[in-house]
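1. Return a 3D structure for these sequence lines:
(chains A and B)
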Amino acid sequence: MTRSGIAALAVTLCGLLLLSLVAVKMQSLDFQEHSRYEAGLVHLRELDARQNADVLESRFELATSYDALVADLGTLELTEGELLTAPAFVDSDARAELSRLLASHDAAVDEKAALIERFKSENAILRNSLHYLPVLYGDLAPADAADRTPLGVSDIIRDTLLYNLNGDPAIASAVRARLELMASSSPGVAPPAAYQLQTLAAHAGIILASKPVLDRLVEEIVAVPTLSRAEALEAAYTAEYRRALAWANLYRLILLALAVILLSGSGFILARLRRATIERNTASAALVARQLALQYQAYHDGLTDLPNRTLLDERLEAAVAGAQQSGQPLALLIMDLDRFKEVNDTLGHHAGDGLLRQVAARLQAARRARDTVARLGGDEFAMLVPDASADGARTRASELLEALGQPFSVEERVLEIGASIGIALYPEHGSDAETLLRHADVALYVAKRENGGAVVYGPEQDLHSATRLGLVGALRRAIENGELVLHYQPIVDRRTRRVSGVEALVRWQHPLQGLLLPDQFIPLAEETGLINLLSRWVLEAALQQCRTWQRAGLALPVSVNLSMRNLQDRGLPDTIAPLLEIYNVPPGWLTLEITESAVMADPDRALEVLGKLRGLGVRMAIDDFGTGYASLAYLKRLPVDQLKIDRAFTLNVCVDRSDLAIVRSVIELGHHLGLQMVAEGVEDAASWKQLIDLGCDQAQGYFFSRPLPAHALEHWLRESTWGPLGGLRATAA
Amino acid sequence: MHKWLLVCLLIAEAGCTSPIESTRPVPTGVAAGQVLAHEPISPIPVAVDLDAAKVALGSSLFEDPRLSHDNSVACSTCHHLDTGGVDRLRFSIGIYGQIGGRNAPTVFNSGFNFRQFWDGRAATLEDQIDGPTANPLEMGSNWPEITRKLNASADYSTTFARLYGGPATALSVKDAVATFERSLSTPNSRFDKFLRGDTTALTAVEVEGYDNFKSFGCVSCHQGTNVGGNMYQRLGVVEAPPPTSQLMDDIGRFGVTGDVLDRHVYKVPSLRNVAVTAPYFHDGSVSTLEGAVTLMGRYQLGRQLTSAEIERLVAFLKTLTGEYAGTVLK
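-> Predicted structure coming up:
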C-alpha cells in the first residue's frame, strides 16, 4: 500500500473512532428509560386522584372497606421509590433538583397519609353511630311518643341525621338543647330505657362532634399539595428531558456530518484505488468497479442522477420516523409531466431523455436543503418536504409547477410541457411511507384527470382508483380486441453485419390515449395478474409473425420478453410447446428474454423454470444484464444461451473508460461461460465499431433501427444495408 | 345517609320494634366461585405467588432458636402454627423465661395487615422482624450475632449462597422469613366460601350473625380482606373503659407518635381465625370470644348487646377460621 493509502486508512480509523464516540454520547438519551420515568410521574398524579376518590367513597359509604386506600398508598410509595433513580441523561444539577422535589412530594404524601389515617378512624366512628341511631329509634320512639311527657326522642334522632346531611350549625345547637332537656327530664325513666337514652345521647353527641371533624379532615386531605408538587416534579423533569433531547439532536447532526465526511473520504480513496487498478486493466478490478457502479445505481436513477425510488422509500421511511418523534408534519409531492409521451413519440427517446434531464435539473434547483427530489420512473418524479404543512406543501407545489411551466428547449425546439402534482401529508393522510406514496399517487391521478395543477389528497379521491380499475378492464379488453400490437427491433450479427433476428416489443394502441409503451401498462398487468394472459398473447402473436415471415422466405428468429410474474406461472412451458407446433416454428428460433433482476428476485425458481423452457429447445437470454446483481455463482448455473448487456453500459462505451472496461470484461466473462453476447442500446457507429472490436456477437439499437411495426420492418429489411440483402434490392431498384 | 333516613321513616310507619334483627335472606342466584359484590369483607386469595425456595428457607429460620441470644427461643416458640399462629398465653415467654408486655398477635395472614405490631410501629413484615429478635424480653439478639451463627452452618451457607448469592445477612434473613410469613395465609374459611357464592357454607344463625356484624357497626373497623388490620382505632370510642381497667394500662400508639390523639389507639386487629387465637386484646386480658364481643359492643359501639346477639356474633366469628396447608386451623 502507498504512503497516501496508509494515511487515508489512519484518517478513516480516526473518523470511525470519533463516530462511535458521538454515537455513544447520543445513545445516552434512552427513550425506554424516559418513558419509564414519565409513566411513573403520570402514575403519581393518578394515584393521588385515586386516593382522593377512595376517601370520598369511604366518606359517603360507596366503599365499605379501607383495603383500596391502603393499597393505593402502598403503590404510591412504591412509585415514589422507583422515581428515586432518574434516567441516565439527567445531569447532576437537575438530578439534585428532582430529588429535592421528590422529597417535598414525599413529605406531602406522608402528611396526607397521616390525615387519611385519622380519617379512617373518625369515619368508622361516625359510620358506627349513624348505623345505630335507627335501631335506637325503633327501641325508644314508640314508647316515647306514647308517653304523656315525651322526651323528644324522634326529634333528636331526625335532627341529628339531618345535621349529618346538611351540617347546619343551627340544627346542631337545637339538638344539643334537646339533649340537655332530655338529660334533665329523664331521671324518672326506668333503668333499661335510661341506659338507652344515655346511649342515644352518646351517639348523637358523637355524630355532632365527628361530622364537622370528618368534613374538615376531608377538606384537609384534598388540600394537601400532593398534586401541585407532583406537577412541579413533572415540569422539572420535562424541562430536563427537553434539554437532553436538544443535545441528542445536536449529536445526531454531528454524527451525520461525520458520516458524510467519512463516506466521501472513503469514496475518494476507493475512487483512487479504482483508477489505479483500472489502469492496470485487470478483469477482476473491472468487476470491483462494476459492483461500485451498481451500488450507486441501486440508489440512483441512471438518466438524471437523481435518487431513485428505492432511495426515496428509505428517506421517506426515515422522515416519517423522524416526524413521529418530533411531531412535525411532512409532505410528499408526486409529479408527472403532462406532455412527455408526445415528446417521446414525436422526437424520439433521445429527446425524451434530454427533457427528463432538464426537468431533473429544474427540480434540483427548486429543492431546499432538507428536501429530497427523486425520479420514480418514466416521467414521474417525487419531492419529499420535511416540516411542511398543507399550506407549505401547496406553496411548494405551485413553485414547482411554475418552474416546470417555463418552456424547455429540447433539440432546438421550444416545448411547453407542464406537470401535475399529487400531495399527501403526514400525519393526516397516512402514518407510513407506503400509505403516503399510495395516497400521493391517488391525488396525482385526480390532478391529471383535472388537467394539471396540484391536488392535495382527500379520502374521497380513493374512488378515483376506479381509474386504475378502469384501466385494468381496458387492458383486458385490449388483449381480447386486438388493441395490442407487436413492434420488432432488428438484431444485427457482428460477423455477417446482417440482421440475425428481431426482438418483439409490445405496444398498446389505446383508442383514446394513443400508442402506449410497455412501461405504461406492464406494471399494471403484473400487479393484476393480467400479465400471464398478455404474455401468452405476445408469444402467440410473435410466433404467428415468425411463421408468416418464414413462409415469405424470411428467416427471422424472434425474441420475446417474459416478466418476473411469468416465472411464477408453472404452466408456461406447457403453453409454449403446442404454440411452437401449431405455428411450426423450430424451437431454436424462439428466444425468451428475462431481466436479470427478475431472475435474482427468486433465483431458485428462475433456475427451475428456465431449465424447463430450455428443455423445449427454446433459447434463453438474460435481459438488461448488469443491473440486477446476478452473482457469478448463479450466472454459471443459469441455463441460458445469451446475455444482453444493458444499454446503460453500451451507451457511453466509446466515451467512458470505466464503461468500456465493464463491457469488455462482461463480454470476456460471457464468452468464457460459452454465452452469446448481445449489446443493447447501440446508438451510433462508433459504439458499434467499438463493440465489434470487443468481440460482441450481436447488437441492437437506434443506430440500426428503432422498434417497427411488422410491415415497416419488412420495408426496413428490404431497404436497409443491415437487411438480409444488405440493401442490394434498394440499390438495384 | 339517605337510606338511613328512609329506614327511619319506614320504621316509624311500620312500628316494627327491632328491624335490625330481621336478617337479610341468604343471597341466591350467585354462581359458586363468584365473589359477592359490595360486601365490606373480601375473601383471602386462594393462592399466593411466592418463591418456593425462599419460603422453605424462611420456614427453617422461623423454627430456628439460633435467632435468639441463648438459642432458646424461635419465632415459632410464640407463634405456633398448629395453635392458630399464637401461643395462647396472655403474654409470651422470651429468653431466660422473661415475660413480654403485650399479647402476641397471630402470624397467620399478617401479610395482609397494613402495619405490624399492636401499635403499628413496623411498616412491613421485614421491619417487624427487627423487633422480637432485638427485644431483650423476647429473643435478645442482634444481627451480627444471628448471621454469624447462621453462617457457621453449612446448610444455611449453601442455601443463602444459592438464593441470595452470598452469606446470610440481616437483609436476606429478613427477606426469607417475611416471604415465609407471606405464605401463612388461611383461605377457604366457611365465610370466604359464603362470599364466593356457596350459600350452604353458613347456617342461618351464622348469616344472621354476619348481618348483625354489619348493622351493629362492627364492620366499620373490621372490614377488608383481613376483617381488620388496615386502620387504627381508639379503644373506647363511645364509652371509655374505666381508668381502673387493665385495658387502660397501656398507652398504645401514643408510644410511637407522642401525639395525645393516639393515646389508647391500636391497630384494629384482624378477626381472621379469631376463634382459635384467644386470649384477646393487646393485653390478653379477655379469654373468651363472648367476653371480647361484649366489651367491644360497650366500648366501641356504645350498646349493650343481648345474649342472643352475642351468640349470633360469636357464631359468625367462628366461620372466619380458615385453612393452612389444607387443614382447618384448630
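2. Give me the buried positions along the helix or strand harbouring A:Thr395.
-> Element membership of A:Thr395, judged by DSSP states H and E, is helix A:390-405. Within helix A:390-405, the residues that count as buried by 16 or more other Cβ atoms under 10 Å in any protein chain shown are A:Ala393, A:Arg394, A:Arg396, A:Ala397, A:Leu400, A:Leu401, A:Leu404. C-betas here are computed from N, CA, C, even on glycine.
3. quick one, what contacts the closest residue to the first one other than its chain neighbours?
-> What it means is A:Ala393. Of all residues not flanking A:Ala393 in the chain, A:Ala331 sits nearest, at 3.6 Å (Cβ to Cβ, 6 or more residues apart in numbering or on different chains). By Cβ atoms under 8 Å, 6 or more residues apart in numbering or on different chains, A:Ala331 lies in contact with A:Leu384, A:Val385, A:Ala388, A:Ser389, A:Ala390, A:Gly392, A:Ala393, A:Arg396, A:Ile423, A:Ala424, A:Leu425, A:Tyr426.
4. cool, and A:Glu240?
-> Per Cβ under 8 Å, 6+ apart, neighbours of A:Glu240: A:Val90, A:Asp91, A:Ala94, A:Leu98.
5. Tell me which two in the residues you listed are the farthest apart.
-> Using Cβ to Cβ, the two most remote members of these are A:Asp91 and A:Leu98, lying 10.5 Å apart.
6. top of the contacts of A:Glu240 by neighbour count?
-> Tallying neighbours with other Cβ atoms under 10 Å in any protein chain shown puts A:Val90 at the head of those, with 22 neighbours.
7. from memory it sits against A:Ala244, does it?
-> Yes. Using Cβ atoms under 8 Å, A:Val90 makes contact with A:Ala244 at a distance of 7.2 Å.
8. now the residue nearest to A:Ala393: how far from chain B?
-> 53 Å (Cβ to the nearest Cβ, to the nearest Å).
9. circling back: narrow the contacts of A:Glu240 to those in helices?
-> For those, membership in helices holds for A:Ala94, A:Leu98, with DSSP state H as the criterion.
10. Using TSV, lay out the contacts of A:Glu240 together with distance to A:Gly430 and pLDDT.
-> Conversion of the contacts of A:Glu240 to TSV gives the following (distance: Cβ to Cβ, whole Å; pLDDT from 0 to 100):
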residue	distance to A:Gly430	pLDDT
A:Val90	36	88
A:Asp91	38	87
A:Ala94	38	91
A:Leu98	39	93
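11. neighbours around the closest residue to chain A within the stretch 101-250 of chain B, how many?
-> Minimum separation of the stretch 101-250 of chain B from chain A (Cβ to the nearest Cβ) falls at B:Gly217, amounting to 3.3 Å. Using other Cβ under 10 Å, the number of residues around B:Gly217 comes to 27.
12. Neighbours of the residue lying closest to it once chain neighbours are set aside, how many?
-> Using Cβ to Cβ, 6+ apart and skipping the chain neighbours, the partner closest in space to B:Gly217 is A:Asn128 (3.3 Å). A:Asn128 is flanked by 25 other residues according to other Cβ under 10 Å.
13. Also A:Lys689?
-> By other Cβ under 10 Å, 11 other residues sit near A:Lys689.
14. Show the pLDDT at it.
-> pLDDT, A:Lys689: 93.
15. again, but for the one 10 residues further on
-> The predicted structure scores A:Ala699 at 95 on the pLDDT scale.
16. looking at it, it is touching A:Arg495, isn't it?
-> No. At 11.9 Å, A:Ala699 and A:Arg495 do not qualify as touching, with contact defined as Cβ under 8 Å.
17. if you count what's nearby, which of these two comes out ahead?
-> More crowded of A:Ala699 and A:Arg495, by other Cβ under 10 Å: A:Ala699, with 25 against 9.
18. what residue is smack in the middle of the chain?
-> Went with chain A since none was named. Centroid-nearest residue in chain A: A:Ala433, 2.5 Å away (criterion: Cα atoms, centre = their mean).
19. think we crossed wires, I meant chain B
-> Centroid-nearest residue in chain B, with Cα atoms, centre = their mean: B:Ser270, separated by 3.3 Å.
20. list the contacts for it?
-> Here B:Ser270 is in contact with B:Thr106, B:Asn109, B:Phe112, B:Asn113, B:Asn226, B:Val227, B:Gly228, B:Gly229 (Cβ under 8 Å, 6+ apart).
21. And the buried ones among these, selectable in PyMOL?
-> Entered in PyMOL, the line below selects the buried ones among the contacts of B:Ser270, by 16+ other Cβ under 10 Å:
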select buried, chain B and resi 106+109+112+113+226+227+228+229
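22. For whatever residue of the stretch 201-350 of chain A ends up closest to chain B, the count of nearby residues, please.
-> Using Cβ to the nearest Cβ, the single residue of the stretch 201-350 of chain A nearest to chain B is A:Ala202, 5.1 Å away. Using other Cβ under 10 Å, A:Ala202 has 18 neighbouring residues.
23. Distance-wise, check it relative to A:Gly152.
-> 17 Å (Cβ to Cβ, to the nearest Å).
24. Might one say that A:Asn566 is in contact with A:Ile531?
-> Yes. Taking contacts as Cβ under 8 Å, A:Asn566 lies within contact range of A:Ile531: 6.6 Å.
25. Okay, now the unreliable bits of the stretch 551-700 of chain A?
-> The stretch 551-700 of chain A contains residues with pLDDT under 70 at A:628-632.
26. Work out the gap between whichever strand or helix holds A:Arg127 and the centre of the chain.
-> Assigned by DSSP H and E, A:Arg127 falls within helix A:92-146. Relative to the centre of its chain, helix A:92-146 is centred 55 Å away, using Cα atoms, centre = their mean, to the nearest Å.
27. Downstream of that helix, the next helix or strand is which one?
-> helix A:153-166.
28. buried ones in that following helix?
-> For helix A:153-166, burial by neighbour count (16+ other Cβ under 10 Å) applies to A:Val153, A:Ser154, A:Asp155, A:Ile156, A:Ile157, A:Arg158, A:Asp159, A:Thr160, A:Leu161, A:Leu162, A:Tyr163, A:Asn164.
29. Buried residues of stretch A:313-321, list them for me.
-> A:Asp313, A:Arg315, A:Leu316, A:Ala319, A:Val320.
30. For the first one, report the pLDDT, please.
-> If you check A:Asp313, the pLDDT there is 87.
31. Can you tell me the SS state at it?
-> Secondary structure, DSSP: H, G, I helix; E, B strand; the rest coil: A:Asp313 is helix.
32. Now it: closest residue in space that isn't a chain neighbour?
-> In this structure, A:Asp313 finds its nearest non-sequential neighbour in A:Ala433, 6.0 Å apart by Cβ to Cβ, 6+ apart.
33. Ok, the second one next?
-> Excluding the flanking residues, the one nearest A:Arg315 by Cβ to Cβ, 6+ apart is A:Thr372, at 4.9 Å.
34. next one: A:Arg368
-> Per Cβ to Cβ, 6+ apart, closest to A:Arg368 is A:Val385, 7.8 Å.
35. now, which of the contacts of B:Ser270 lie close to chain A?
-> Among the contacts of B:Ser270, no residue sits close to chain A (Cβ under 8 Å from any Cβ of the partner chain).
36. Could I get the contacts of B:Ser270 in TSV, plus columns for secondary structure and pLDDT?
-> Below are the contacts of B:Ser270 laid out as TSV (DSSP: H, G, I helix; E, B strand; the rest coil; pLDDT from 0 to 100):
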residue	secondary structure	pLDDT
B:Thr106	coil	96
B:Asn109	coil	96
B:Phe112	helix	95
B:Asn113	coil	96
B:Asn226	coil	96
B:Val227	coil	97
B:Gly228	coil	96
B:Gly229	coil	96
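37. Show me which residues of the stretch 1-150 of chain A sit near chain B.
-> Counting by Cβ under 8 Å from any Cβ, the stretch 1-150 of chain A sits next to chain B at A:60-61, A:64-67, A:69-70, A:117-118, A:120-121, A:123-125, A:127-135, A:137-139, A:141-142.
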